[in-house]
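K.L.:
Next comes the sequence, and after it the predicted model I'd like to discuss.
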Protein chains: 2
Amino acid sequence: MTSRLFSFVAGGAGTWTITSVKPVTGESLPDAARLSVIAGPVEPRPRDAAWILRGVTSNTRYTTRAEKDALTAAQDAIGRPEATRAALIPIRKSAAWWDLSQDERRRIFEERSRHVTIGMKYLPPVARRLHHCRDLETAEPFDFLTFFDYAPEHAQSFEDMVGELRATEEWKFVEREVDVRLAR
Amino acid sequence: MTSRLFSFVAGGAGTWTITSVKPVTGESLPDAARLSVIAGPVEPRPRDAAWILRGVTSNTRYTTRAEKDALTAAQDAIGRPEATRAALIPIRKSAAWWDLSQDERRRIFEERSRHVTIGMKYLPPVARRLHHCRDLETAEPFDFLTFFDYAPEHAQSFEDMVGELRATEEWKFVEREVDVRLAR
């Protein structure tokens, strides 16, 4: 297995308590009590798993050198002791998005939707790790899984950030999104 | 399984006769007599398989709208009856490549190495299908598998094309490349 694979297992066990599961666009995910975030695969499938989502961290796809350096300088890795609130937000984009060319996707992503610029405003309080699922060999229900964590005092910042992103042109291409909130 | 997964199985059976297996950079692959190109997974692993490589077709990563349209208009799908010669060229790029930002990779890929421009010159005689392996959950030995096919009278064109590409700045980031030639 690649060391870049992460598994998100919802069920009866795990570090994180699932505080809510809300559909933003399209079908939701089943409710569950707890979530485990596991570096690597999960086999065999735990008998009580409500759902398992998997994705791999990978190279950046849209950021310029200046943006990449600015993000790297500003961001913390997830897992800070004070970050006792978290969110797992799985997203699937439409076929129309994936049929766009790279320059068209970049233009929507940043020049028109300010995806990096919006995310930067909330660093370092909101940390994130992006996982890709679109190019796994299995047919996955989502294209991306983003895991965020933050301290309780930054909960409103997190709401502001997801609100800003969901109002962008880029988000018109999101055909399924579920918002899973977590606490520990 | 995703319908975009392809498996390349080298062993005693398959449509294609393997005429040569040559290392271009780094370690080669074991010799074998024949190659099967299978749409989908191969399980269980055939007992006589010398090697199996897997990859998924995916969205474009570097081309602009104008380039994407020009390629789509000019190219044929692989599998034409007259295309009785083929090549499977697995490639792995270095960590330094994957650490570049998108704009840096694009600049090397096209503005400095003319990857699309070179490929275009040989369309439609040389058809190709690109498969990505870097973001599969399994640790794969290559990042990309490109399958090409062409009629015997275009064999020299194919040599010219791979020669041109291998002389580019982009290819300095290739740390493993094997050239598997095929006939049917």
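P.N.:
Great, that's in hand.

K.L.:
can you map out the strands along chain A?
P.N.:
Under the criterion DSSP state E, strands of chain A are mapped to A:5-11, A:16-25, A:34-39, A:51-56, A:85-93, A:127-132, A:144-150, A:174-183.

K.L.:
as a whole number, average confidence for the fourth one?
P.N.:
So the one you mean is strand A:51-56. Averaging pLDDT along strand A:51-56 yields 97.

K.L.:
just checking, what packs against it?
P.N.:
Contacts defined by 3 or more Cβ pairs under 8 Å, 6 or more residues apart in numbering or on different chains; DSSP states H and E place strand A:51-56 against strand A:5-11, strand A:127-132, strand A:144-150. All C-beta atoms are positioned from the backbone trio N, CA, C, and that covers glycine.

K.L.:
Alpha carbons of that strand, as PDB, please.
P.N.:
Included here for strand A:51-56 are C-alpha records, laid out as PDB according to Å, rounded to 0.1, in the frame of the first residue of the first chain:
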ATOM      1  CA  TRP A  51     -19.100   3.700   6.100                       C
ATOM      2  CA  ILE A  52     -15.500   3.800   5.100                       C
ATOM      3  CA  LEU A  53     -14.000   6.500   2.900                       C
ATOM      4  CA  ARG A  54     -10.500   6.300   1.500                       C
ATOM      5  CA  GLY A  55      -8.100   8.700  -0.200                       C
ATOM      6  CA  VAL A  56      -4.500   9.400  -0.900                       C
END
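
K.L.:
hang on, the earlier thing: as CSV, the strands of chain A with distance to residue B:149 and mean neighbour count would be great.
P.N.:
As requested, these are exported to CSV (distance: least, Cβ to Cβ, whole Å; neighbours: other Cβ atoms under 10 Å in any protein chain shown):
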stretch, distance to residue B:149, mean neighbour count
strand A:5-11, 33, 22
strand A:16-25, 41, 15
strand A:34-39, 40, 17
strand A:51-56, 30, 21
strand A:85-93, 32, 22
strand A:127-132, 29, 19
strand A:144-150, 34, 22
strand A:174-183, 35, 20
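
K.L.:
which residues touch the spatially most central residue of chain A?
P.N.:
Centroid-nearest residue in chain A, with Cα atoms, centre = their mean: residue A:146, separated by 1.0 Å. If you count contacts by Cβ atoms under 8 Å, 6 or more residues apart in numbering or on different chains, residue A:146 has them with A:88-91, A:128-131.

K.L.:
Now residue A:176: closest residue in space that isn't a chain neighbour?
P.N.:
Leaving aside its sequence neighbours, residue A:176 sits nearest to residue A:26 (Cβ to Cβ, 6 or more residues apart in numbering or on different chains; 3.6 Å).

K.L.:
neighbours around the one you found, how many?
P.N.:
13 (other Cβ atoms under 10 Å in any protein chain shown).

K.L.:
Name all residues that make contact with it.
P.N.:
By Cβ under 8 Å, 6+ apart, the contact list for residue A:26 reads A:92, A:175-177.

K.L.:
what do you get for residue A:99?
P.N.:
Here residue A:99 is in contact with residue B:59 (Cβ under 8 Å, 6+ apart).

K.L.:
Need phi/psi at the residue in chain A sticking out farthest from the centre.
P.N.:
Distance from the C-alpha centroid of chain A, by Cα atoms, centre = their mean, peaks at residue A:47 (25.1 Å). Taking degrees, to the nearest 10, you get phi -60, psi -30 for the backbone angles of residue A:47.
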